[in-house]
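Participant: Compute the structure for the input listed below.
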Amino acid sequence: MLESKFQGRSKKLRGLEKCGRERSMSRRSLLRILAGVAATPHTSGRARAGPEVTASVTVNYDQPGRLIPENFIGLSYESAVLASPNYLSPRNPTLHALLRGLGPGAVLRLGGNTSESTRWRGTGNVSEPFVITPAAIDALAELVKALNWQLIYGLNLARGNPEAAAEETAYVARAVGSRLLAFQIGNEPDGFGRWSAVRPQTYDFQAFLAEWRQFYTGIRARLPTAPFAGPDVIAEQKWIRPFIEAVGDDLILVTRHYYADGPAGAPDITLARLLNSAPQAKAMLEEMRSTSESSRLPFRIAETNSIFNEGQPGVSDTFGSALWGIEFMFQVAEAGGQGINFHTGDAKAYTPIRGATALLRHVDVQ
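Facilitator: Purely as a prediction, here's the structure:
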């Protein structure tokens, strides 16, 4: 149990004093007030001391709550970054140092919308712009080894083919070894017929399942021990239970995506709305918890962030958004989730780590 006490002198905090000089607060209330304090403008050109804040934490050992897995934290990158073997590589010293700062045991996930436009070392549709080579996979393997991280690797279901996917997975598994957590076949397949337009609008769960099984069969024939996660949906929660019922014996992890709001650019996107989005996340996570417990499969939010379509400037890149991220991590942990992967990369307002060169500036990614 987490209890927080907050006392301050600023006008923003005087309302708390109606109930006394100190008041016990929920975690969510504390985060909201901190967001307000962070947004307080300085009207004078002279440096002014900020509001004095006193916070205390009490740990209730009689109610320890859920155990948070060692691999709970993680980042998610677009597959397109693998088009450059020098990006996700220990030879990229700045990125390597930043990732190392997150500590050992984290999970790196590759996927995103650009996974629909990748091809494995020259196989597949030559019009696909992002070629993934063995050199890129070797560098990726060196990086996760140096960091002592695990890897979730996404495959191109949208425009790929089972034969190329089998060759790709065999190489990835050999290079990454025991640090491979799982393969994912497809990224947000529930959007294939809606916003991705890579399938007819009639594309449904049964069509996805048939394609997934084709890829799975080809991969398992080449790599019998390949671990799988899925279905990696973003909107269709109702796909998850049927997916588990159909292929659950072949899964080690259930995955889905979550964005608190969007699309970026919509007139009603505000920081206040983001900070009040916990109830909708709670409903989604309660369903994931129930599904996980009934299937005895762990679940992970394999891609998430504040506002989809690359984030909202002035909302996604604020201190308040960071507080939203902390709150969402607590929510996932409380629901028994295995972990969470915040989506990152260049040219995104919500990215926690941004390089000097925007590799994906001209790519429409989520």
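Participant: ok, Phe205 - contacts?
Facilitator: Neighbour list for Phe205: Asp190, Glu236, Lys238, Trp239, Pro242, Phe243 [criterion: CB atoms under 8 Å, 6 or more residues apart in numbering]. (Glycine included, C-beta is placed from N, CA and C.)
Participant: from those, which single one is nearest Arg66?
Facilitator: Within the contacts of Phe205, distances to Arg66 taken as CB to CB reach their minimum at Phe243, with 24.5 Å.
Participant: so where does that closest one fall, helix or strand?
Facilitator: Counting by DSSP states H and E, the element that carries Phe243 is helix 240-247.
Participant: and what of Pro352?
Facilitator: Here Pro352, judged by DSSP H and E, is contained in no helix and no strand.
Participant: circling back to that earlier point, mark which of the contacts of Phe205 are buried, thanks.
Facilitator: Among these, those classed as buried by 16 or more other CB atoms under 10 Å are Asp190, Glu236, Trp239, Phe243.
Participant: For the second one, which residues are in contact?
Facilitator: Listed by CB under 8 Å, 6+ apart, the contact partners of Glu236 are Asp190, Phe205.
Participant: Against Thr118, how distant is it?
Facilitator: Glu236 sits 23 Å away from Thr118, going by CB to CB, to the nearest Å.
Participant: next structured bit after the helix holding Phe243?
Facilitator: Downstream of helix 240-247, the first helix or strand assigned by DSSP H and E is strand 253-261.
Participant: tell me what the helix or strand immediately after that following strand in the chain is packed against?
Facilitator: Where DSSP H and E defines the elements, the next helix or strand beyond strand 253-261 is helix 271-275. Contacts defined by 3 or more CB pairs under 8 Å, 6 or more residues apart in numbering; DSSP states H and E place helix 271-275 against helix 27-38, strand 253-261, helix 319-334.
Participant: tell me what the next helix-or-strand element following the last one is packed against?
Facilitator: Read in the C-terminal direction, the helix or strand following helix 319-334 is strand 339-343, with elements assigned using DSSP H and E. Using 3+ CB pairs under 8 Å, 6+ apart as the contact criterion, the elements in contact with strand 339-343 are strand 74-78, strand 107-111, strand 299-307, helix 319-334.
Participant: Can you tell me which of those is packed in deepest?
Facilitator: Mean neighbour count (mean count of other CB atoms under 10 Å) peaks for strand 299-307 among the helices and strands packed on strand 339-343, with a mean of 27.
Participant: before we move on, the earlier item: give me the residues contacting the helix holding Phe243.
Facilitator: So helix 240-247 is contacted by 205, 209, 212-213, 216, 228, 230-231, 233, 251, 254, 256, 288, 291, 295, 297 (CB under 8 Å, 6+ apart).
Participant: Count the residues that sit near Arg298.
Facilitator: Quick fix: residue 298 is Pro, not Arg. 17 (other CB atoms under 10 Å).
Participant: how about the residue nearest to it when sequence neighbours are not counted, what does it touch?
Facilitator: Once flanking residues are discounted, Pro298 sits nearest to Gln338: 4.2 Å by CB to CB, 6 or more residues apart in numbering. Taking CB under 8 Å, 6+ apart, we find Gln338 in contact with Pro69, Asn71, Phe72, Leu253, Pro298, Phe299, Arg300.
Participant: Could you rerun that using 7 Å?
Facilitator: Shown in contact with Gln338 (CB atoms under 7 Å, 6 or more residues apart in numbering): Pro69, Leu253, Pro298, Phe299, Arg300.
Participant: out of everything not next to it in sequence, what's closest to Glu310?
Facilitator: Going by CB to CB, 6+ apart, Glu310 has Lys348 as its nearest residue, at 4.4 Å.
Participant: tell me which element that neighbour is part of?
Facilitator: Judged by DSSP H and E, Lys348 forms part of no helix or strand.
Participant: Neighbours of it, how many?
Facilitator: The burial count for Lys348: 23, using other CB under 10 Å.
Participant: any idea of the pLDDT on it?
Facilitator: Looking at Lys348, its pLDDT is 91.
Participant: Val247 now?
Facilitator: 97.
Participant: From Gly336, how far off is it?
Facilitator: Taking CB to CB as the measure, Val247 falls 22 Å from Gly336.
Participant: Please apply the same query to Pro313.
Facilitator: Pro313 is 34 Å from Gly336, by CB to CB.
Participant: Those two: which has the busier surroundings?
Facilitator: Gly336 (18 against 13).
Participant: wouldn't the more buried one be in contact with Ser292 here?
Facilitator: Yes - look at Gly336 against Ser292 with CB atoms under 7 Å: they come within range, at 6.4 Å.
Participant: how about the strands in the stretch 51-200 of the chain?
Facilitator: 58-59, 74-78, 107-111, 118-120, 130-132, 150-155, 180-185 (DSSP state E, counting those that start in this stretch).
Participant: could I get those strands as JSON lines with distance to Thr318 and mean pLDDT?
Facilitator: Formatted as JSON lines, those follow (distance: least, CB to CB, whole Å; pLDDT from 0 to 100):
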{"stretch": "strand 58-59", "distance to Thr318": "29", "mean pLDDT": "80"}
{"stretch": "strand 74-78", "distance to Thr318": "20", "mean pLDDT": "97"}
{"stretch": "strand 107-111", "distance to Thr318": "25", "mean pLDDT": "98"}
{"stretch": "strand 118-120", "distance to Thr318": "32", "mean pLDDT": "94"}
{"stretch": "strand 130-132", "distance to Thr318": "31", "mean pLDDT": "94"}
{"stretch": "strand 150-155", "distance to Thr318": "28", "mean pLDDT": "98"}
{"stretch": "strand 180-185", "distance to Thr318": "31", "mean pLDDT": "98"}
